[in-house]
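In: how would this look folded up:
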Amino acid sequence: MSTPKSSSRQNNNQSVNSLIPADMDSTEQDNHSVQSELNMEQLLQALAAGVPTQSAEIEQLKTWKQDLQWVFKFLGNRRVLIAVIEPGTFALRYANAAFCRLAGWEGTPLGSGEIGGLFAGMGITLLELFEEWDQKTAEKLYRRHLLHWVFKQSYQIDLAALRVLDEPVMATVKSRIHPEPRYVEFWLGSEQLKVERIDSKIDEFADLHLPLMPVSEREAWLMQPNQLAILADRLQLDNYQVEGLLVLEGFDVTIQEQIRRLTQLLIDRDSMLRPDKFERIDGCLRSLFNADGTLLLRPDGEQVQILVAKGGENLQPIVYSMTSLEDSHFLKATAANQVWNVPDLRRECDTECDRALRKMGVRSMLLVPLVVKTVTREGCVQRILGLVGLLCDRPNHFNGIDSQHAQELIPAFIAALRQAMQQRFSHIHNIHPAVEWRFVQEAERRSWGLQQETIVFADVYPLFGISDIRGSSDERNRAIQTDLLEQFRLALGIIDAVCETKTTHLGQQLRLDLLDYIEHLKEKVTVDMEVRAAEYLNEKLEVYFDYFMQCGPKVHEAVEAYRAACENEHNCVYGDRTRYDEMLHLISSKLQETWTRWQERMQKILPHYCDIECTDGMDHMIYVGKSVDSRFSQFHLHSLRYEQLRAICDCGRTVFRLQADSHINMELAHLVLVQNTTIDIFHNENTEKMFDVKGTRDIRYELVKKRIEKAVDKDAQERITQSGMLTVVYSTEDEWEEYEQYLLYLSREGWVEAKVQTGMVESLQGVSGLKFARVRILPEPESIVHISEVTVVED
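Out: As a prediction, the model looks like this:
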């Protein structure tokens, strides 16, 4: 960037020196300031010597002297920050007392020398002084001022109407005397600049034809977003000679900026109760109020939780009863609903909580109650959301200004605490849309300080179904057996090679052990044997591999083959188990895809809660009723029950397709559990489950759910679920009449065979009297492909 000519510096020194204050201390003039006044006194004496003592000129000189003394004193103590800088380099030339105090520079802002100025030749720039500034930021500001003068001088276009130079700049100042950063808002004045093009033939804006553009059109064009920034980037800085200096005028807005940033931090989306965010809020509060710690109080029924952050450590919440805080400063502050200053806790230390704070070293507190008004049947009442406290180890620390700043923060604190309470359910991921409204409603209640209520959905109908992989544990054991036998045979190959190469009696015994283990694996394999076998090979064989590798090329080759077979994340032969896991994942994912498609259709009938679990197959749980959606009717219930059966039949066909494509060799059985009486469900915040049943009458249903999968036919003594078939379990004749009709409809649509097998379920532990009906699911013929797409009930 172009820099001002040195010839202009002397001229500017003379004009600026008369304006720059000479005081660095707001209470006492320093030596340089006194020297400046002495120089002024000497000048006035010299002028007075040339005029008569009783003339009007002498009186005028005395008036000038008084005025100059007042100006020096006024400028030396003013709060406005003033500095003079070079436009190209942003190097400081002069600064007034307020500016120097902010930066923590000692001495006088005035200087002497060939070009004058305290900072002349010292190389101090705004880039060094401002923490968040870089060359790009400075150049952007410089270009803005340069563009203003280029347009004014070359095109007679005044950008002042667009307020191009009126926008203030925010900067963070590094101060030698302040531990925390200081924030400055300033403006640059470029009235004294003289800008000339070095090569007048170079015109960056010639292609725009600015003089020919109508004024109204040009103004509208210039006011487009970022248009001025784009034009400023066109400037070729090397083609401009800039003379003169920039004047910086600004204010220390540290307090206002701290409050603004703290407010922004409080109202952003993250909960203020998160440890990382609470730590940041704590740091901001300490800086703003020069405090030693913070405190957060939250009422919880008849108890109060108090979280104290002091000494850089976040302590665990301390719980007090509400009665133990009677007559405490906390309740006094909330009762008064105003910022409450406790000058010295030692004088009034009446409660257990007060004494605990005193032991932590707290002497003074500033308490900020967070109270909201809510409308109830009894009328408009005040509810305590919480309380924020500022803590200090010194008595009489907080003053009226601190109270005003705390008062400004109350709306942000209330918003932050309400948001934190609304996020009490954030640990629950993917709340189902059908019930989300109730969670939002409860979060809103709590955010207004109302006593929490359990989320209950009363009188809902449960629709439970299973698509279970038959013999999955046996298939898993077969995969384990195959892998272990392969690995032990590779191990035997190593020992055989060792015994062929060397005469070793230990090797012969190891070989016999391996043969015995192989015979044992051929008989039966269990899950625990999977772990024991791996430990055996590691301890009895693999520990010798370093030695075996030295026993000859044949042994070396056998060891490498073993290692290659075990080169995976499990560090063992895992081929068949990998195929089993992939098959299991394929079945579960395809079942889930099928069910998800049907769920989209079923939700259109009536919104309802649905949860699925995929382990060895897929389970689904549906709850529907008026408490979930007020439009619920018996027609909706019957429609959903029928669609549930159709969806399970489609899951069965999904398995058939996988078997036909040779992707799987496993069989699946499907079951639906019928219950025509309603149950109550509730959200238990102390468990990971979304819903639990409520009441003893509903526990029976849960017991049946857990045990029905293994249930057997009372007469045939075989599982009531069979591969490729749909089993319906019920208990009353009314339930059977309804589902018998559904099975007829399914047969009519070609989903199942017309033949229905029925029987009694052998008594389960604590449950008896159940019956079942079973039908075979039919594969999907071409003629039925589109039936499932056109028979969906949509209310």
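
In: what's near enough to touch the nearest residue to residue 464 once chain neighbours are set aside?
Out: The spatially closest residue to residue 464, leaving aside those adjacent along the chain, is residue 673, at 4.4 Å (CB to CB, 6 or more residues apart in numbering). Every residue, glycine included, has its C-beta placed from N, CA and C. Shown in contact with residue 673 (CB atoms under 8 Å, 6 or more residues apart in numbering): 462, 464, 465, 704, 705, 708, 729.

In: again, but for residue 471
Out: Residue 471 sits next to 666, 667 when contact means CB under 8 Å, 6+ apart.

In: can you pull the pLDDT of residue 628?
Out: According to the predicted model, the pLDDT of residue 628 comes to 91.

In: where does the residue nearest to residue 464 land on pLDDT?
Out: Among the per-residue scores, residue 673 holds a pLDDT of 94.

In: kindly report the same for residue 198.
Out: In this prediction, residue 198 has a pLDDT value of 91.

In: and residue 110, by the same measure?
Out: 42.

In: and if you look at the one 10 residues further on?
Out: pLDDT, the model's per-residue confidence, is 53 for residue 120.

In: likewise for the one 5 residues further on?
Out: The predicted structure scores residue 125 at 85 on the pLDDT scale.

In: give me the phi and psi angles of it.
Out: Summarising the backbone geometry of residue 125 under the convention degrees, to the nearest 10, its torsions are phi -120, psi 160.

In: so where's the stretch 51-200 of the chain uncertain?
Out: 51-55, 57-78, 106-122 (pLDDT under 70).

In: go again using 90 as the cut-off
Out: Low-confidence segments of the stretch 51-200 of the chain, defined by pLDDT under 90, are located at 51-182, 187-195, 200.

In: go on, the stretch 301-450 of the chain?
Out: Checking the stretch 301-450 of the chain against pLDDT under 90 turns up 301-332, 334-336, 345-361, 370-386, 411-450.

In: 80 instead, please
Out: For the stretch 301-450 of the chain, the stretches with pLDDT under 80 are 301-302, 310-317, 348-350, 372-383, 417-431, 436-450.

In: can you give me the strands in it?
Out: Along the stretch 301-450 of the chain, counting by DSSP state E, counting those that start in this stretch, strands occupy 303-310, 313-314, 318-321, 340-342, 364-376, 379-392.

In: the ones you listed: which one's closest to residue 85?
Out: Nearest of the strands of the stretch 301-450 of the chain to residue 85, taken as CB to CB: strand 379-392 at 38.5 Å.

In: quick one: strands adjacent to that closest one?
Out: In the sheet containing strand 379-392, the strands it pairs with under DSSP bridges are strand 293-300 (antiparallel), strand 364-376 (antiparallel).

In: list the buried residues for it?
Out: When burial is assessed from 16 or more other CB atoms under 10 Å, strand 379-392 yields the following buried residues: 383, 384, 385, 386, 387, 388, 389, 390, 391, 392.

In: so can I have CSV of those residues showing distance to residue 123?
Out: Compiled in CSV, the buried residues of strand 379-392 are given as follows (distance: CB to CB, whole Å):
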residue, distance to residue 123
383, 60
384, 57
385, 54
386, 52
387, 51
388, 46
389, 47
390, 42
391, 44
392, 41
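
In: list just the nearest of the residues you listed to residue 745.
Out: Residue 745 has its nearest neighbour among those in residue 383, at 54.4 Å by CB to CB.

In: the closest one against residue 337, yeah?
Out: No - assessed by CB atoms under 8 Å, residue 383 is found out of contact with residue 337, at 11.1 Å.

In: what residues are shared contacts of those two?
Out: Counting by CB under 8 Å, 6+ apart, the residues touching both residue 383 and residue 337 are residue 371.

In: count the residues that sit near residue 604.
Out: Residue 604 sits with 13 neighbouring residues when counted by other CB atoms under 10 Å.

In: how much space between it and residue 643?
Out: Taking CB to CB, to the nearest Å as the measure, residue 604 and residue 643 are separated by 10 Å.

In: next: residue 588.
Out: Distance of residue 588 to residue 643, computed by CB to CB: 22 Å.

In: ok, residue 737 next?
Out: 19 Å.

In: the more surrounded of these two?
Out: Taking residue 737 and residue 643 together and counting by other CB under 10 Å, residue 643 has the greater number of neighbours (21 against 10).

In: name the nearest residue to the more buried one, ignoring sequence neighbours.
Out: For residue 643, ignoring the flanking residues on the chain, the nearest one in space by CB to CB, 6+ apart is residue 602 at 5.0 Å.

In: just residue 191 next, same as before
Out: By the measure of CB to CB, 6+ apart, the closest residue to residue 191 outside its immediate chain neighbours is residue 247, 7.8 Å from it.

In: contact partners for the one you found?
Out: Going by CB under 8 Å, 6+ apart, residue 247 touches 82, 83, 84, 188, 189, 191, 192.

In: burial count for the first one?
Out: Residue 82: 23 surrounding residues under other CB under 10 Å.

In: for it, list each beta-bridge partner.
Out: With DSSP bridges applied, the residues forming beta bridges to residue 82 are residue 249.

In: does it touch residue 96 like I think?
Out: Yes - with contacts defined as CB under 8 Å, residue 82 counts as touching residue 96 at a distance of 4.2 Å.

In: quick check: which element contains residue 230?
Out: Applying DSSP states H and E as the criterion places residue 230 in helix 227-234.

In: quick one: residue 620 is in a helix?
Out: No - Residue 620 sits outside any helix when classified using DSSP: H, G, I helix; E, B strand; the rest coil, being strand.

In: does it really touch residue 614, like I thought?
Out: No - judged on CB under 8 Å, residue 620 makes no contact with residue 614 at a distance of 9.8 Å.

In: so the two - more neighbours on which side?
Out: It is residue 620, of residue 620 and residue 614, that has more neighbours when counted by other CB under 10 Å, with 24 against 17.

In: what residues sit buried inside the host helix or strand of residue 242?
Out: Counting by DSSP H and E, the element that carries residue 242 is strand 240-243. Using 16+ other CB under 10 Å as the test for burial, strand 240-243 gives 240, 242, 243.

In: out of those residues, which comes closest to residue 346?
Out: residue 242 (63.1 Å).
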